[in-house]
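Novice: any chance you can model this:
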Amino acid sequence: MHIDTNDEFAAGFDPQMLMEDALAQAAEFSWLPTAINKWGAGVWESRAYLRYVSANNPNQPASRRQLKTSVTIHHRVLGMVVLDILQGDIIGGIEFVDRLE
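Specialist: Sure, this is the predicted structure:
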């Protein structure tokens with residue numbers, strides 16, 4: 001399922017909105033600002049999840065999607081945001097917990 005591109009939240013989301021909070025709340029991940037600056041449009045898989053890396057074969061030996069950890073950030077507008085961190089310090093996707101149905 002892909003989110004409607006007319007969704008106001010999806011259309012107005014700018015990854016740069018997370019930069020300041022990522023720096024303040026996840027200082028141990030000093031590479032996060034660089035990764036955030038590299039984000040493109042991504043693919044909205046649902047109202048609550050924006051994917052940046054293909055979801056094919058997650059956590060399988062030949063997959064680019066090898067989950068390393070998750071980082072939770074609390075944003076004053078976006079609410080609780082969980083960044084899926086993949087091996088190689090790549091952000092695989094963003095979950096907007098407050099938008100879960």
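Novice: residue 16 is in contact with residue 36, isn't it?
Specialist: Yes - in this structure, residue 16 is within contact of residue 36 by C-beta atoms under 8 Å, at 6.9 Å. For every residue, glycine as well, the C-beta is placed using N, CA and C.
Novice: more neighbours, these two?
Specialist: residue 36 (18 against 11; other C-beta atoms under 10 Å).
Novice: list the residues that contact the more buried one.
Specialist: Residues near residue 36 by C-beta atoms under 8 Å, 6 or more residues apart in numbering: 15, 16, 18, 19, 22, 91.
Novice: helices and strands around the least confident helix or strand in the chain by mean pLDDT, which ones?
Specialist: Sorting the helices and strands of the chain by mean pLDDT, DSSP states H and E puts helix 8-12 at the bottom, at a mean of 74. Applying 3 or more C-beta pairs under 8 Å, 6 or more residues apart in numbering; DSSP states H and E, one finds that helix 8-12 makes contact with no other helix or strand.
Novice: so after it, what's the next helix or strand?
Specialist: helix 19-25 (DSSP states H and E).
Novice: format the CA atom coordinates belonging to that next one as CSV.
Specialist: The C-alpha trace of helix 19-25 is given here as CSV (Å, rounded to 0.1, in the frame of the first residue of the first chain):
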residue,chain,number,x,y,z
MET,A,19,18.1,17.6,11.9
GLU,A,20,18.2,19.6,15.2
ASP,A,21,16.4,16.9,17.2
ALA,A,22,18.6,14.2,15.8
LEU,A,23,21.7,16.1,16.9
ALA,A,24,20.4,16.8,20.4
GLN,A,25,18.8,13.4,21.1
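Novice: just the buried residues of it, please?
Specialist: Under the neighbour-count criterion of 16 or more other C-beta atoms under 10 Å, helix 19-25 has 21, 22, 25 buried.
Novice: looks like the second one contacts residue 30 (just checking).
Specialist: By that I understand residue 22. No - contact criterion C-beta under 8 Å: residue 22 and residue 30 do not qualify, at 10.1 Å.
Novice: can you list the low-confidence ranges for this structure?
Specialist: 1-6, 57-59, 64 (pLDDT under 70).
Novice: sketch out the strands for it, chain order is fine.
Specialist: Using DSSP state E, the strands of the chain run over 43-44, 49-51, 67-75, 79-86, 90-96.
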